[in-house]
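1. Predicted model and sequence follow; I will ask about them next.
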Amino acid sequence: MTPYALIYTAVLLGLFVLAGGSYGGFYSVGKLWTNAAFIRTGIACYLVAILLALAICLFTPLAALWKIFIVLSCLIYAAIPPVTWRYLAKLHRTPEESK
Amino acid sequence: MYRSQKLAVRYFVAAVALFGVMIIAGLLSALYYLHPSLLFDVFNFNMAKIFHIDTLVIWLLMGFMGAVYWFLPQELGREVEGIWLAEILFYVFCAAVAVVSVVFIFVQYGGSNEFSLWFINQGRKYVEAPRWAAVGIVVVVLTFVYNVVATCIKARRMTGILWVLVLDLIPLTLLYLDAFPALTNMSTDLYWWWWLVHMWVEGTWEVLIGCIMAWALMDVMGTSRRIVETWLYIEVMLVLGTGILGLGHHYFWIGTPQYWLSIGGFFSALEPLPLLGMVVHAIYDAGAHHMKTNNRPAFYWILAEAFGNFIGAGMFGFMMTLPQINLFSHGTQWTVSHGHFAFWGAYGCGVIAILYIAKQKISGVNFLDGRAWKWGFGLLNFGLIGMVGGLLIAGIAQAFYERAIGGSTLMAFMAGQENPWFVSGMYARMGFGLIFAAGYVVLVYDLLSAGKHAPKSAVKTQAP
Amino acid sequence: MDIQDPGFWRAGAISTTAVMLVVLAILTIDSLQDIRAGGSHVPKYDVINQQIGYQYDWTRRMDVPVIGGQQLLFGKLYTEAEAHALMRKGKLVIQSRACMDCHTFFGNGAYYAPDLTKAWLDPAWQQIWMPMTAAKTREDAMVMFLMHPDRYPTWGREMPNLHLDESEAQAVVAYLKWMSAVDTNGFPANFGQTQSQQ
Ligand code: HEM
Ligand code: HEM
Ligand SMILES: [Fe+2]
């Protein structure tokens, strides 16, 4: 790893998680306020996360297995907010809640 | 109020006081980087830093214990068993902290013998306190565990949260025994030492704050028990599922076998995922209860905890957790940047939320809000973010110039420390640290006064 | 399987944790074997009688310690027991003076002062401190520095005098020599080699 590769690899990794997190944040707030603009911003963040994952795969000197790992976790990021949201909604809808 | 809750308040007061000591010690430690001749040979950097990180551990521990003493009687609807013992031990605890402080200030270090380790300084990061004091902490924590377990038994009742709490306190206490050994072999020494540090902050503490936050959510947002408990189990599963083997990210370079590079990298890189789930959960909860809360400061500190945990631990941790990066970032200001953000996000914010919950109950107001807490919230978080930003820049510069280009020798170290990017990062930490300290002052002011002016009975719940 | 049932997740939490703990226990047993003095990654303490280097290994693709022929420390050949006693003392000095709250060992500790993992191999001893202390050997220069760091500073940030006597300083030097022979999976990288590209 060259000194420069070190910096941009780390920065890409950090931004990748940040983009994944922003997607989750915007998506949830959009759901909460049923605001399509927020959800769209969230999805845009997720697209950025995909681009960052691609950039990590193409430009960084990480070993191939780590790159596969990044791609897989990028896919998992897609699922976390909607799955968590739907699950929470379900959990809240059960009868006990209204007691 | 239960006696146990009165004890909790005492713990909170002690915690906030030590939080203040920690900030002063932190500012002092930061100042040595700018003025290396400061207090040279009188009170060196290492002693200031010991104060900083040891008080950090103690104030958070006191905050957690206070939180449990606060919620436990509420949870079981009865006074805590053996509370008199806990009351005595609180003073013992404080006295021990005071004695250790005096020794750290005036004696500082001893000769190369067991006596030093028992009575002066153990010289192991985070657990520098001499062994007698560590024994004392074990006794205090064991009493605390006894209080919790005995109360559950007396009440003949166990809730899900209590099961998790009790099962978590066992490893939490056992791991602390790791504070004692002084193994000759540095590799084995660090191997066990990391069980203490990592398994506390990324395992047992994370579960403990999960239990406390579950109670806080029921209290502040009125979330139902079934929901918080289900969520707590999921959280425990994910956090421990990734965090236990995530321990491997500290076993890359201490002489341990090469397989840790893959295991540690893999599991710790998964750690941000559950933290993202928690962010979604926090937003959901805020909405499900229509952001109706009768305690605005606690509500915002709970939200800050979820975001801070994700960004500080998740994002800042992920940046440097893959071995190829960590080879260069390991043990630089980059680590410090992550350490501050993660500790603050995951634990600092959580404890402050609990302080506000207690504050509301004590002052007997139905609705807690005001102006000062917003300033405290803003200054503390702004100061912290600025600080970790400065440290991140300094850390990247250090990894780049000292490690990657320079090859980590003394000369390379100096080149890194004198690099303008690094130096600006150090000034930024100092400046933002002062802002953080100002936030602390406002926080203390607000905790002492909030609620007094609010109408005592008006039931007001409003959306922000 | 009812994912709304808390019991389902309770079982999940318990079983996941249990599996992880079992894996950790197995790995720990294996690792402790490798990191004991004389294990595959950590040399015996009497390695201080030998020459130690640090070189890039093309098969492992990382820097690894190279143990060479005999190179006595303080002109003395230590038996394994003597070396062990010396290390014990060195470690006690390091703990009692809280060196780790300024320095790092294997990158763990504080970041106010340089990492000591490979301090034994630091070119600064030959280039700076041997001339400065007028010592004949690296280890003598190290002892003199450790006993009076305030007399031999190299830059604005100095190391304070922690009142090490001669035997304590020697024990620390031995400890640092042993530590530099530990296989740390390549940390720190390119030690002592300034690199501009790759
Ligand atoms: C609540 C959660 C966390 C807290 C409080 C925390 C705190 C810390 C602290 C204080 C250190 C410095 C330890 C020392 O050397 O003394 C550290 C190191 C480290 N943390 Fe975390 N952390 C958390 C979560 C995470 C997560 C989720 C990751 C990974 C994604 C992570 C990755 C790392 C790594 C790789 C290091 C080693 C840095 C080095 O090589 O110097 N941490 N953490
Ligand atoms: C006024 C604010 C603060 C200042 C100026 C400050 C400064 C410092 C300094 C100078 C160090 C030593 C780093 C080194 O070894 O070079 C340090 C370490 C540390 N501080 Fe702070 N600190 C502050 C607030 C905090 C807060 C609020 C927390 C946690 C909630 C915290 C947690 C830590 C931790 C965990 C370490 C050890 C990190 C590591 O070694 O990686 N500090 N701090
Ligand atoms: Fe960790």
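-> That came through, no problem. Numbering: from 1, shown residues only, chains lettered A, B, ... in the order given. Ligands and ions are numbered 1, 2, ... in the order given.
2. From ligand 3, how far off is residue B:394?
-> The span separating residue B:394 from ligand 3 equals 21 Å under the rule Cβ to the ion, to the nearest Å. In this view, the C-beta of every residue, glycine as well, is placed from N, C-alpha and C.
3. how about that residue, phi and psi?
-> Residue B:394 adopts backbone torsions of phi -60, psi -40, taken as degrees, to the nearest 10.
4. measure it to residue B:343 for me?
-> As judged by Cβ to Cβ, to the nearest Å, residue B:394 and residue B:343 stand 18 Å apart.
5. Now do residue C:36: how many residues are near it, please.
-> 15 (other Cβ atoms under 10 Å in any protein chain shown).
6. Tell me if the longest helix along chain C is near chain B.
-> Longest among the helix segments of chain C by residue count, using DSSP state H, is helix C:6-35. Yes - with Cβ under 8 Å from any Cβ of the partner chain as the measure, helix C:6-35 is seen reaching chain B through C:6, C:9-10, C:12-13, C:16-17, C:20-21, C:23-24, C:27-28, C:30-32, C:34-35.
7. Can that helix be said to contact chain A?
-> No - against chain A, helix C:6-35 shows no contacts by Cβ under 8 Å from any Cβ, the least distance being 9.7 Å.
8. How is chain C divided into domains?
-> Annotated domains of chain C cover C:1-35, C:45-193 [automatic domain parsing].
9. How about the contacts made by the residue in the stretch 351-464 of chain B that chain A sits nearest to?
-> Closest contact between the stretch 351-464 of chain B and chain A, by Cβ to the nearest Cβ, is at residue B:404 (3.7 Å). Taking Cβ atoms under 8 Å, 6 or more residues apart in numbering or on different chains as the contact definition, residue B:404 lies against A:1-3, A:6, B:328, C:189-190, C:195.
10. Quick one: buried ones out of these?
-> Applying 16 or more other Cβ atoms under 10 Å in any protein chain shown to these, the neighbour count classes A:1, A:3, A:6, B:328, C:189-190 as buried.
11. CSV for these, including pLDDT?
-> Putting the buried ones among the contacts of residue B:404 into CSV (pLDDT from 0 to 100) gives the following:
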residue, pLDDT
A:1, 80
A:3, 91
A:6, 94
B:328, 96
C:189, 93
C:190, 89
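12. before we move on, back to that, any idea of the pLDDT on the residue of the stretch 351-464 of chain B closest to chain A?
-> Model confidence at residue B:404, expressed as pLDDT, equals 93.
13. Ligand 3 versus the residue lying closest to it once chain neighbours are set aside, what's the distance?
-> If you skip the residues right next to it in sequence, residue B:404 has residue A:3 as its closest partner in space, 3.7 Å away by Cβ to Cβ, 6 or more residues apart in numbering or on different chains. Counting by Cβ to the ion, the separation of residue A:3 from ligand 3 is 25 Å.
14. again, but for residue C:178
-> Residue C:178 sits at a distance of 27 Å from ligand 3 (criterion: Cβ to the ion).
15. Quick check: that residue touching residue C:84?
-> No - counting by Cβ atoms under 8 Å, residue C:84 is not a contact partner of residue C:178; they are 10.2 Å apart.
16. Which one's more surrounded, those two?
-> Taking neighbours as other Cβ under 10 Å, residue C:178 and residue C:84 compare with residue C:178 leading, 27 against 17.
17. Confirm that residue C:53 sits in a helix.
-> No - when DSSP: H, G, I helix; E, B strand; the rest coil is applied, residue C:53 is found to be strand, with no helix at that position.
18. Quickly list what it is bridged to.
-> Beta-bridge pairing of residue C:53 under DSSP bridges involves residue C:66.
19. In contact with the residue in chain A that ligand 3 sits nearest to, which residues?
-> Taking Cβ to the ion as the measure, the point where chain A comes nearest ligand 3 is residue A:17, at 15.8 Å. By Cβ under 8 Å, 6+ apart, residue A:17 lies in contact with B:272, B:314-315, B:318-319.
20. still on that earlier bit, so which of residue B:394 and residue B:343 has more stuff around it?
-> Legend: neighbour count by other Cβ under 10 Å for residue B:394 and residue B:343, higher for residue B:394 (29 against 21).
21. if you skip the residues just before and after it, what's nearest to that one?
-> Counting by Cβ to Cβ, 6+ apart, the nearest residue to residue B:394 once its immediate chain neighbours are dropped is residue B:425, at 2.7 Å.
22. from the contacts of residue B:404, which is closest to ligand 2?
-> Proximity of those to ligand 2 was ranked by Cβ to the nearest ligand atom; the top entry is residue B:328 with 15.4 Å.
23. check contacts around the closest one.
-> Applying Cβ under 8 Å, 6+ apart to residue B:328 gives the contacts A:1, A:6, B:399-400, B:403-404, C:189.
24. Give the helix, strand or coil label for residue B:257.
-> Residue B:257 falls in the coil class when you classify it by three-state DSSP.
25. Was I right to think it contacts residue C:41?
-> Yes - with contacts defined as Cβ under 8 Å, residue B:257 counts as touching residue C:41 at a distance of 6.4 Å.
26. and for these two, which residues touch both?
-> Counting by Cβ under 8 Å, 6+ apart, the contacts common to residue B:257 and residue C:41 are C:34-35.
27. Residue A:53 versus residue B:168, what's the distance?
-> With Cβ to Cβ as the criterion, residue B:168 and residue A:53 are 35 Å apart.
28. between those two, who's got more neighbours?
-> For residue B:168 versus residue A:53, neighbours defined as other Cβ under 10 Å are more numerous around residue A:53 (23 against 20).
29. need the contact list for the more buried one.
-> Listed by Cβ under 8 Å, 6+ apart, the contact set of residue A:53 reads A:16, A:70-71, A:74.
30. same question, residue B:345
-> Contact partners of residue B:345, counting by Cβ under 8 Å, 6+ apart, are B:304-305, B:307-313.
31. Which parts of chain C are helices?
-> Secondary structure of chain C by DSSP H: the helices cover C:6-35, C:80-96, C:124, C:130-133, C:138-147, C:166-180.
32. Brilliant, that's me finished.
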